[in-house]
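[1] Need coordinates for the below:
(2 chains)
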Amino acid sequence: MAERTPGVRPRPSLRRRLDITARCSFPGATTALLLLLAAGPLGLPGQAELQCALVLGCVFFWSLFRPASLPPLLVFGLGVLSDLLGYSPIGVSVLVLLLVHGLAMLWRRELAQQGFLLLWLAFVAVAAGAAALQWALTSLLTFQLLPAGPAVFQAVLSAGLYPLLAVVLARAHATVAEPARA
Amino acid sequence: MIRLSIPVRQALAKLTLPVLIAAAFGLMLLGKADTVVAERVRMALGDALTPIYALLAEPVARLHDVADSARHVLTLASENARLREENEQLRKWQAIALALDAENSTLKANLHWIPDPTPNFVTARVVADAGGVYARAVLLSAGPNHGITKGQIALDDRGLVGRVTEVGARSVRVLLLTDINSRIPVTLESSHGRAILTGTNGPRPRLAYWTEGLRPVEGERVVTSAEADAFPAGLPVGTVHYTAQNVPEVEPVARLDRLEIVRLFDYGLHDVLAPEASVARPAERRR
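    Just a heads-up that it's a prediction; the model follows:
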């Protein structure tokens, strides 16, 4: 980032500062917007699972490549929004997303240097774990053994959607969401 | 702003995630302990989003219509033949229905039958799916001062859809009869046996606890029963269908996968409240 290189430079203008703020808030804002859109009346089959898959992919991607723009508190907020819109017991998505964020931060150094295939494989494991945890927690909190089919579908959808999501997000990461290009 | 030394700030940054994870557990417990708060926040969000979703629903519906009409053009000839055949059959049924209706009204006149009062109803548009991964429910857009209350019964143009579980200022949530928490007392129409229709989150709910010796028959019509005063008797629910594992299921007559307009009837039955979609609420149900 340009701000990190040493040297004296003039105070950025208001327009430039706004631009930088907008670019920094791009990951959180787009993820929230995607969540709201996926909860809307699109009439798609498996829309609830799609919503989970989208937020999981976004949080994983931005935690890996731009953790500065996705602090844990924002992940917490996204989790609450996802729980409210997805009608799951409050706190379940929050925990799952925070754990995914934590894992991505932990593996950041190793994963960010790897090729896409390895990254995707790591995400497949994360998505499977997330879906299983979500299923287990929801079952526990509603005191009944829920059918496991939707959890499997959610994991497969998350894994299958990630390459597409990653292509779009990587383009955004290099262009509209890059504060250095303000 | 308080200025902190760099090591303190680093330590705090490291602590944020564990603290938030603990907070997530706290939130789960809180949501379990006090479901009213979660429900209120959820309905407030629903109220805020419903107008936006109602706007969004129009172009999406138009897109679906375009896709549908494109598909219909392709199957026009075969569809036409099928409809002609169906029309013939329906004409026969119409004649029978008219004859039965006339007979029924003369019989009722002879018996001095007291007709059931017609219930009040409100019609509302379905704006979004409100089920999530582990529930089946829909969100309806209702105007302000709608007068809808919990426990009202939702029907589409064909039959039973479900019951109202959450009411907001501008939105209403209806739990579908396919939801895993849904239990509906039903009557098997030809044998007059009683049973409970239990949702499975799948497209077809199952029949359980039928009267000894009156096993549901394949193709039999299923209607609601007035037992437990949760539903009025005789609302059409669906037809019995046996799975390959010999489990009796009910194919709902309502088009639950493509609900657009739903009527909410007030039968004045509030003894048994509908269950929550995601969280069972024993305190509410005990009332």
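[2] Burial check on the residue nearest to A:P163 when sequence neighbours are not counted, number of neighbours?
    Nearest residue to A:P163 in three dimensions, chain neighbours excluded: A:W120, at 6.3 Å (Cβ to Cβ, 6 or more residues apart in numbering or on different chains). Every residue, glycine included, has its C-beta placed from N, CA and C. Residues lying near A:W120 (other Cβ atoms under 10 Å in any protein chain shown) number 14.
[3] give me the element B:G46 is part of.
    Counting by DSSP states H and E, the element that carries B:G46 is helix B:35-74.
[4] Which other helices and strands does that helix contact?
    helix A:72-86, helix B:6-33, strand B:120-129, strand B:137-141, strand B:160-167, strand B:171-176 (3 or more Cβ pairs under 8 Å, 6 or more residues apart in numbering or on different chains; DSSP states H and E).
[5] ok, back up a step: wait, isn't the residue nearest to A:P163 in contact with A:Y162?
    Yes. Judged on Cβ atoms under 8 Å, A:W120 makes contact with A:Y162 at a distance of 6.2 Å.
[6] Low-confidence ranges, chain B, go.
    Low-confidence segments of chain B, defined by pLDDT under 70: B:1-2, B:270-287.
[7] thinking again about what came up before, and the helix holding B:G46, what's buried?
    For helix B:35-74, a neighbour-count test (16 or more other Cβ atoms under 10 Å in any protein chain shown) marks B:35, B:38-39, B:42-43, B:45-47, B:49-50, B:53-54, B:56-57 as buried.
[8] want to throw the helices and strands packed on helix B:35-74 into a markdown table with mean neighbour count and distance to A:E49?
    Shown next, in a markdown table, are the helices and strands packed on helix B:35-74 (neighbours: other Cβ atoms under 10 Å in any protein chain shown; distance: least, Cβ to Cβ, whole Å):
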| stretch | mean neighbour count | distance to A:E49 |
| --- | --- | --- |
| helix A:72-86 | 22 | 10 |
| helix B:6-33 | 14 | 21 |
| strand B:120-129 | 19 | 11 |
| strand B:137-141 | 25 | 15 |
| strand B:160-167 | 24 | 21 |
| strand B:171-176 | 28 | 17 |
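[9] Those: which one's closest to A:Q51?
    Minimum separation from A:Q51 across the helices and strands packed on helix B:35-74 (Cβ to Cβ) falls at helix A:72-86, 5.8 Å.
[10] Return the distance of that closest one from the chain's centre.
    10 Å (Cα atoms, centre = their mean, to the nearest Å).
[11] on contacts alone, who are the packing partners of that helix?
    Helix A:72-86 packs on helix A:26-38, helix A:47-65, helix A:92-106, helix B:6-33, helix B:35-74, going by 3+ Cβ pairs under 8 Å, 6+ apart.
[12] run the last query once more with 6 Å
    helix A:26-38, helix A:47-65, helix A:92-106, helix B:6-33 (3 or more Cβ pairs under 6 Å, 6 or more residues apart in numbering or on different chains; DSSP states H and E).
[13] what about B:I196, which SS state?
    Assigned state for B:I196: strand (three-state reduction, DSSP: H, G, I helix; E, B strand; the rest coil).
[14] is it true that it touches B:R206?
    No. Using Cβ atoms under 6 Å, B:I196 is not in contact with B:R206, being 9.2 Å away.
[15] So what's the residue count around B:A228?
    Neighbours around B:A228, by other Cβ under 10 Å: 13.
[16] And for the residue nearest to the spatial centre of chain A, nearest residue in space, chain neighbours not counted?
    When chain A is reduced to its mean C-alpha position, the nearest residue by Cα atoms, centre = their mean turns out to be A:V59, at 1.6 Å. Nearest-residue entry for A:V59: A:L97, 5.2 Å, with adjacent residues in sequence omitted and distances by Cβ to Cβ, 6+ apart.
[17] Give me the residues contacting stretch B:54-74.
    A:40-43, B:127, B:141 (Cβ atoms under 6 Å, 6 or more residues apart in numbering or on different chains).
[18] Dump those residues into a markdown table; add distance to A:G102 as well.
    Putting the contacts of stretch B:54-74 into a markdown table (distance: Cβ to Cβ, whole Å) gives the following:
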| residue | distance to A:G102 |
| --- | --- |
| A:G40 | 30 |
| A:P41 | 34 |
| A:L42 | 31 |
| A:G43 | 35 |
| B:V127 | 36 |
| B:S141 | 39 |
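[19] quick check, nearest of the residues you listed to A:L157?
    Looking across the contacts of stretch B:54-74 and measuring by Cβ to Cβ, the closest to A:L157 is A:L42, at 14.7 Å.
[20] which non-adjacent residue is nearest B:D266?
    B:D266 sits nearest to B:N120 (Cβ to Cβ, 6+ apart), 4.8 Å away.
[21] sorry, back to before: which pLDDT value belongs to the residue nearest to the centre of chain A?
    Listed pLDDT for A:V59 reads 94.
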